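*Asks:* next input, structure requested:
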Amino acid sequence: MKVLSTFFIIGLFLLIGCQPATENTTTDQATDDAFKKPPEWAKDVVWYQIMVERFRNGDPSNDPTIPDMERDNIFIPPTWTVTSWTQDWYQPDPYFSELKDGTFDGKVQQRRYGGDLQGVLDQIPYLDSLGVTAIYFNPLNDAPSLHKYDAQHWRHIDRTFGPEPQKDLETIDKETPLDPATWQFTAADQMFLEVINELHKRNIKVILDYSWNHTGTKFWAWEDVVKNQEASPYKDWYWVSKFDNPETETNEFDYRGWIGIKALPEIKETEFVDHSDRMFAYEGDLMLEEVKEHIFNVTKRWLDPNGDGNPDDGVDGFRLDVAAELPLGFWREYRKVVRDVNPQAYLVGEVWWEKWPDDLLDPAPYLQGDVFDAVMNYRWYRLSRQFFAATPNPVAVTAFVDGLEQLGSHLNEANNYAMMNLVSSHDVPRVSTSLYNKNKYKYYSTPFGDSTYRINKPDAATYQTLRLLLMHQFTYIGAPHIWAGEEMGMWGADDPSTRKPLIWPDYTFETERAHPLGGELNDPVKFDAELFTCYQKLAQIRKAHQSLRQGSIDFVVADDSNNVLAYSRQHEGQEVIAVFNLGETTKQVSITVKSNQYSDLFSGDNYQAAANNIQISLAPRSAMILSNGQ
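*Replies:* The predicted structure is shown next:
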């Protein structure tokens, strides 16, 4: 008995001793799963993308000046002025005649309209009324260009977006760039924190756009390299191939710029990977820990601005520019840094072309739980554009369904639901113009690339196609995205004409008459209240129906002969069915359903099921969203 008691005590001790390890294992597993998965909120939001310079001018006193725009090899005439917000887009500015670039698209890069953060603050009630629940800001970092991807300071908001540009410059000049202890919050920084706070009060998330792949030529480290050449402490930050020999008259200094653009010198990685022929995911890291540390410090600054360990006052994540051009090793470490500060932060990568204009990059390597939560879903849009607009060629209903299923079949379900489903952005034509033209996706989508490209206001048939596409966008898996101005009825070719200033209803705009190739247009420019209401209603429907945000999907009708598609979204007894008739005649559609009664969420009409089927009549080129009301 004594021996048995001893073994019993030892066994009990071992059992008790093992118990904490089991609990820790469970906790560790839960933490690991949370790290790998997108934040829960990502599947629920409606995105709205803002380029501040073209959003709204809330404070003309901070409008940019010539010194704010100066950078290498850019000539700005002394007659330059801020452009009137309501000017005919293709009408040349008076100073255009002094610019060396001969095309409108080249000259218009010098335009500024004075959009700022005060304009954003003023229009937060508008954003709230539209129904958006997450804002993606194009880069706000201090930079001389319109687009702000040419940062001169990553750590600060652009001075001309805030109330005191000159004072902000003085503040920045007192700092040591690599020492966060010396960093201050400028007036522009503080205004952005106010924007975050006001948006958060309305339960609207905020993410910031950053490009860690390159800087501008006014970036403080790059300026030191140019000045001090091989003696610069920052010489290994960049891909410098040759330094200047001061003993010769020729300047031999040479370096790599992003896709060959010298205005955007590239940050150096551990290994050079040539993407000139094709883009692909690759291993590696940034060359210097010092560079990474600076990037991480800037990142943490905006995730938790007051540094108190509570990220509620900071941004809710980041959109990462040209993400496929940076190594996976860097992105893995970046995710850890971000999630350590805010475990619910969202990371979305710009993973776009494998090889333009036909091959889009498979995002799978970036969506394994160690890099991003989602990518900008260009693949979904290209396929959907082809289906709804028969652009550039018609695609059958069954082929469309097969294509949708193939896009997400090899990805984690959580990542599919967190996708940013966009139909346009600052880098592609406005969606109405994209649907109006029958060319390939983003293929010579300007009148300078294709003289037959249509830049006038799209016709009524195009806007009807747009409504079909939107009803799909807001009912499909993934979070719908709105490029600011789409809900206003804006149109425009590829960059720069996708970046027209927004057409607010309280402004009176000049009619678009000038044509950049010498022709003539005659398109009144005004806010489209009917289209706004359509977007607003779709956002309300998505918010009210959890099945559209988190539900499964079942394609219940895929009829090639009648050009009819229907799919069901289901979650905890709630069912919403999206039905589309892409044909040119009215169609009678029979749908197998889960409940007895359904209502049309737009018209309010009711449909009674018989033998698990409902019968609906769908007009040509129209769609319907049905709900069982649960």
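
*Asks:* distance between the ends of stretch 207-218?
*Replies:* 25 Å (Cα to Cα, to the nearest Å).

*Asks:* buried ones in that stretch, by neighbour count?
*Replies:* In terms of neighbour count (16 or more other Cβ atoms under 10 Å), stretch 207-218 has its buried residues at 207, 208, 209, 210, 211, 212, 213, 214, 215, 216, 217, 218. Glycine gets a C-beta too; all of them are placed from N, C-alpha and C.

*Asks:* got these as JSON lines, with pLDDT, distance to residue 76 and secondary structure columns?
*Replies:* Formatted as JSON lines, the entries for the buried residues of stretch 207-218 read as follows, by pLDDT from 0 to 100; distance: Cβ to Cβ, whole Å; DSSP: H, G, I helix; E, B strand; the rest coil:
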{"residue": "207", "pLDDT": "99", "distance to residue 76": "32", "secondary structure": "strand"}
{"residue": "208", "pLDDT": "98", "distance to residue 76": "28", "secondary structure": "strand"}
{"residue": "209", "pLDDT": "98", "distance to residue 76": "25", "secondary structure": "strand"}
{"residue": "210", "pLDDT": "98", "distance to residue 76": "26", "secondary structure": "strand"}
{"residue": "211", "pLDDT": "98", "distance to residue 76": "23", "secondary structure": "coil"}
{"residue": "212", "pLDDT": "98", "distance to residue 76": "28", "secondary structure": "coil"}
{"residue": "213", "pLDDT": "98", "distance to residue 76": "26", "secondary structure": "coil"}
{"residue": "214", "pLDDT": "98", "distance to residue 76": "22", "secondary structure": "strand"}
{"residue": "215", "pLDDT": "98", "distance to residue 76": "20", "secondary structure": "coil"}
{"residue": "216", "pLDDT": "98", "distance to residue 76": "15", "secondary structure": "coil"}
{"residue": "217", "pLDDT": "97", "distance to residue 76": "15", "secondary structure": "coil"}
{"residue": "218", "pLDDT": "97", "distance to residue 76": "14", "secondary structure": "coil"}
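
*Asks:* of those, which is the nearest to residue 163?
*Replies:* Checking the buried residues of stretch 207-218 against residue 163 by Cβ to Cβ gives residue 208 as the nearest, at 19.9 Å.

*Asks:* out of the buried residues of stretch 207-218, who's nearest residue 63?
*Replies:* Here the nearest of the buried residues of stretch 207-218 to residue 63, counting by Cβ to Cβ, is residue 218; it sits at 19.2 Å.

*Asks:* now that closest one. Nearest residue, chain neighbours left out?
*Replies:* When the adjacent residues along the chain are set aside, residue 218 lies closest to residue 152, with 3.8 Å between them (Cβ to Cβ, 6 or more residues apart in numbering).

*Asks:* for that neighbour, which residues are in contact?
*Replies:* Residues in contact with residue 152, defined by Cβ atoms under 8 Å, 6 or more residues apart in numbering, are 142, 143, 144, 215, 216, 218, 219, 220.

*Asks:* ditto for residue 457
*Replies:* With contacts taken as Cβ under 8 Å, 6+ apart, residue 457 has the following neighbours: 491, 512, 523.

*Asks:* returning to that earlier point: now for the buried residues of stretch 207-218: which two are most distant?
*Replies:* When the buried residues of stretch 207-218 are compared pair by pair using Cβ to Cβ, the farthest-apart members prove to be 207 and 217, with a separation of 26.8 Å.

*Asks:* wait, residue 137 sits on residue 205?
*Replies:* No. Shown here, residue 137 and residue 205 do not form a contact pair, counting by Cβ atoms under 8 Å, at 11.3 Å.

*Asks:* before we move on, the earlier item: quick check: phi and psi at the residue nearest to residue 218.
*Replies:* The phi and psi torsions at residue 152 (degrees, to the nearest 10) take the values phi -100, psi -20.

*Asks:* adjust the sequence numbering to begin at 536 for everything that follows.
*Replies:* All right, first residue 536 from here; so that's residue 687.

*Asks:* just to revisit the earlier point, which single one of the contacts of residue 992 is nearest to residue 604?
*Replies:* Nearest to residue 604 among the contacts of residue 992, counting by Cβ to Cβ, is residue 1047 at 25.7 Å.

*Asks:* just want the phi and psi numbers for residue 941.
*Replies:* Residue torsions, per degrees, to the nearest 10, at residue 941 are phi -70, psi -30.

*Asks:* any idea how the chain splits into domains?
*Replies:* Under automatic domain parsing, the residue ranges defining each domain of the chain are 537-571, 912-1079, 1087-1162.

*Asks:* where's the residue nearest to residue 606 when sequence neighbours are not counted relative to residue 1078, distance?
*Replies:* The spatially closest residue to residue 606, leaving aside those adjacent along the chain, is residue 679, at 4.6 Å (Cβ to Cβ, 6+ apart). Here residue 679 is placed at a distance of 40 Å from residue 1078 (Cβ to Cβ, to the nearest Å).

*Asks:* same question, residue 906
*Replies:* In this structure, residue 906 and residue 1078 are separated by 29 Å, where distance is defined by Cβ to Cβ.

*Asks:* give me the more crowded residue out of those two.
*Replies:* residue 906 (23 against 15; other Cβ atoms under 10 Å).

*Asks:* thought the more buried one was touching residue 870?
*Replies:* Yes. A contact is recorded between residue 906 and residue 870 when judged using Cβ under 8 Å, the distance being 6.0 Å.

*Asks:* overlap in contacts of the two?
*Replies:* Common contact partners of residue 906 and residue 870 (Cβ under 8 Å, 6+ apart): residue 882.

*Asks:* what segments of the stretch 986-1135 of the chain are strands?
*Replies:* Remark: strands of the stretch 986-1135 of the chain, listed N- to C-terminal, are 1014-1018, 1047-1049, 1055-1058, 1087-1094, 1099-1106, 1109-1116, 1122-1127, 1132-1135; assignment by DSSP state E, counting those that start in this stretch.

*Asks:* of all these, which lies closest to residue 997?
*Replies:* strand 1055-1058 (13.2 Å).

*Asks:* what helices and strands are in contact with that closest one?
*Replies:* Using 3 or more Cβ pairs under 8 Å, 6 or more residues apart in numbering; DSSP states H and E as the contact criterion, the neighbours of strand 1055-1058 among helices and strands are strand 1047-1049.

*Asks:* show me where pLDDT drops low in this protein?
*Replies:* The model of the chain has pLDDT under 70 over residues 536-560.

*Asks:* and the nearest residue to residue 906 once chain neighbours are set aside, which of the three is it?
*Replies:* When the adjacent residues along the chain are set aside, residue 906 lies closest to residue 866, with 4.5 Å between them (Cβ to Cβ, 6+ apart). Secondary structure of residue 866, reduced to three states by DSSP: H, G, I helix; E, B strand; the rest coil: helix.

*Asks:* touching, residue 866 and residue 908? I think so.
*Replies:* No. Under the criterion of Cβ under 8 Å, residue 866 lies out of contact with residue 908, with a separation of 11.7 Å.

*Asks:* let me see the contact set for the closest residue to residue 747 other than its chain neighbours.
*Replies:* With Cβ to Cβ, 6+ apart as the criterion, residue 747 has its nearest non-adjacent residue at 5.3 Å, and that residue is residue 830. By Cβ under 8 Å, 6+ apart, residue 830 lies in contact with 689, 747, 821, 869.

*Asks:* and the helix or strand harbouring residue 830, what's buried?
*Replies:* Using DSSP states H and E, the secondary-structure element containing residue 830 is helix 824-838. Along helix 824-838, these residues count as buried under the neighbour rule (16+ other Cβ under 10 Å): 826, 827, 829, 830, 831, 832, 833, 834, 835, 836, 837, 838.
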